[in-house]
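Peer 1: Okay, sequence plus prediction incoming.
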Amino acid sequence: MRKVRLGKTELSVSQIGFGGIPIQRLDEEGAVAVVKRCLDLGIDFLDTANAYTTSEERIGKAIAGRREGLVIATKSLSRKPEGVEKHLKQSLERLGVEYIDLYQFHGVSDDNTLQAVLAPDGLLAVVEKARDAGLVKHIGITSHQIDVARKAVMSGRFETIMFPFNFVTSEAADELLPLCRRYDVGFIAMKPLAGGMIPNVQLAIKYFLQFPDVVILCGTERTSEVDEIVHIAETYEGLSAAELEEMHRLKRELGSRFCHRCDYCQPCKEGIAISTVMVFPSLLRRSRPENIFFGPWGQIMEKAAGCAQCGECEQRCPYQLPIREMIAEHVSLFRKAKEEYLKQESASKG
């Protein structure tokens, strides 16, 4: 497995990393088996989050007795210092570790949140204190918004950044990666399959292997998927002309329906969380049904049904997406999927 130097952390990690979202959908035995398969094949960078329900606990069970040599990354979505402190404590307990190699601020995608992190008595101060106490080794940030990501990198306060990166959208490769190289900030790529929109796994992974300083997070639900991805990485010899043409074709095809989650469409006068609604099909594939239908995501989707069809979001969207049409499609998908889930639950209780 090719190794990547993770910026100024000086950590050397496998270029293929494990993303801990999908194992939430599995039972404990299946989830642990997937993580152990990753370890067996040389994947030593494991990323999860406090918000990923059972993910941390299952990774903790999988790495028990195998902690040495692994780089464990997790995150907090809290926007309050006491919340970050609570999440860090929980993560240490769930993972069963004495320290976390990389602790990240989760989903920082607007200036106000970034400032809350960077404030003298803010969120970063909590994690820096934990680092001084030996509970955290390195500090990073994750974002979906390119302007905020650039500011985070240039602040000099973070050792890594996690950002969506795939061949459908080029802003990460064209803008953010060169900046990370300049500031020696490690780059962790999420959404390599564009939230499931890219159907060709081999093509998606091979695209990343052109970048020797990028860690690719791959979320898998089956040991066979781990085997496939590792095989692609280990046999990579470059991209053929036919593969490059297929990438360009898919980019042209998918680009007209791909939400970059930049949130330039906001604010919505109806209070709709547009970017979350736009990626609902991906959330449905990757998350536990009860979280999708009855938690905060379910509330967001129900609220989206109240779209006034004013079109102001489409006027602001720099990618000219048919937002109103996509919201209607995704609300319909949500309601049909929820109805089917409730039928199955009712039948199982018989």
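Peer 2: Sure, I can see it.
Peer 1: contacts, neighbours, all on C-alpha from now
Peer 2: Will do.
Peer 1: following the strand or helix carrying His248, which helix or strand shows up next?
Peer 2: His248 is located in helix 241-255, with elements delineated by DSSP states H and E. Scanning forward in sequence from helix 241-255 by DSSP H and E, the next helix or strand is helix 274-278.
Peer 1: which strands and helices sit next to the helix or strand following that next one?
Peer 2: Scanning forward in sequence from helix 274-278 by DSSP H and E, the next helix or strand is helix 280-286. Packing contacts for helix 280-286, counted by 3 or more C-alpha pairs under 8 Å, 6 or more residues apart in numbering; DSSP states H and E, involve helix 323-349.
Peer 1: Tell me how far the helix it packs on lies from the chain's centre.
Peer 2: 24 Å (C-alpha atoms, centre = their mean, to the nearest Å).
Peer 1: all strands of the protein, in order?
Peer 2: 3-5, 12-14, 16-19, 45-47, 71-76, 100-105, 136-142, 160-164, 186-190, 214-218 (DSSP state E).
Peer 1: Against which helices or strands is the third one packed?
Peer 2: Counting contacts by 3+ C-alpha pairs under 8 Å, 6+ apart, the secondary-structure elements packed against strand 16-19 are strand 45-47, strand 214-218.
Peer 1: residue boundaries of the helices in the stretch 1-150 of the chain?
Peer 2: 28-40, 55-63, 81-95, 111-118, 123-132, 146-155 (DSSP state H, counting those that start in this stretch).
Peer 1: For the stretch 201-350 of the chain, give me the ranges with low pLDDT.
Peer 2: Applying pLDDT under 70 to the stretch 201-350 of the chain picks out residues 350.
Peer 1: Any chance of CSV for the helices of the stretch 1-150 of the chain, columns distance to Met278, mean pLDDT and mean neighbour count?
Peer 2: Below are the helices of the stretch 1-150 of the chain laid out as CSV (distance: least, C-alpha to C-alpha, whole Å; pLDDT from 0 to 100; neighbours: other C-alpha atoms under 10 Å):
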stretch, distance to Met278, mean pLDDT, mean neighbour count
helix 28-40, 28, 98, 19
helix 55-63, 24, 98, 23
helix 81-95, 28, 98, 18
helix 111-118, 22, 96, 17
helix 123-132, 29, 98, 18
helix 146-155, 18, 96, 18
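Peer 1: Rebuild the ones you listed as JSON lines, extending it with distance to Val13.
Peer 2: What follows is those, written out as JSON lines (distance: least, C-alpha to C-alpha, whole Å):
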{"stretch": "helix 28-40", "distance to Val13": "12"}
{"stretch": "helix 55-63", "distance to Val13": "16"}
{"stretch": "helix 81-95", "distance to Val13": "19"}
{"stretch": "helix 111-118", "distance to Val13": "26"}
{"stretch": "helix 123-132", "distance to Val13": "20"}
{"stretch": "helix 146-155", "distance to Val13": "20"}
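Peer 1: Please report the distance of the nearest residue to Lys3 once chain neighbours are set aside from Cys38.
Peer 2: Nearest residue to Lys3 in three dimensions, chain neighbours excluded: Ser14, at 4.5 Å (C-alpha to C-alpha, 6 or more residues apart in numbering). Distance of Ser14 to Cys38, given as C-alpha to C-alpha, to the nearest Å: 11 Å.
Peer 1: Quick check: neighbours shared by those two?
Peer 2: Asp44 (C-alpha atoms under 8 Å, 6 or more residues apart in numbering).
Peer 1: residues in contact with the residue nearest the centre of the chain?
Peer 2: Centroid-nearest residue in the chain: Met190, 4.7 Å away (criterion: C-alpha atoms, centre = their mean). Counting by C-alpha under 8 Å, 6+ apart, Met190 touches Met162, Phe163, Pro164, Phe165, Ile216, Leu217, Cys218.
Peer 1: any idea how far the first one lies from Tyr236?
Peer 2: Think Met162. 24 Å.
Peer 1: Please apply the same query to the fifth one.
Peer 2: From Ile216 across to Tyr236, the span is 14 Å (C-alpha to C-alpha).
Peer 1: the more surrounded of those two?
Peer 2: Ile216 (26 against 14; other C-alpha atoms under 10 Å).
Peer 1: List the residues that contact Pro281.
Peer 2: His330, Leu333.
Peer 1: What separation is there between it and Val331?
Peer 2: The gap separating Pro281 from Val331 is 10 Å, by C-alpha to C-alpha.
Peer 1: Give the full set of residues in contact with the closest residue in space to Leu41 that isn't next to it in sequence.
Peer 2: Leaving aside its chain neighbours, Leu41 sits nearest to Val230 (7.3 Å; criterion: C-alpha to C-alpha, 6+ apart). With contact set as C-alpha under 8 Å, 6+ apart, Val230 has these partners: Met1, Ile16, Leu41.
Peer 1: So Arg222 sits against Val34, correct?
Peer 2: Yes - Arg222 is within contact range of Val34, at 6.0 Å (criterion: C-alpha atoms under 8 Å).
Peer 1: thought Ile198 was touching Ile205?
Peer 2: No - assessed by C-alpha under 8 Å, Ile198 is found out of contact with Ile205, at 10.6 Å.
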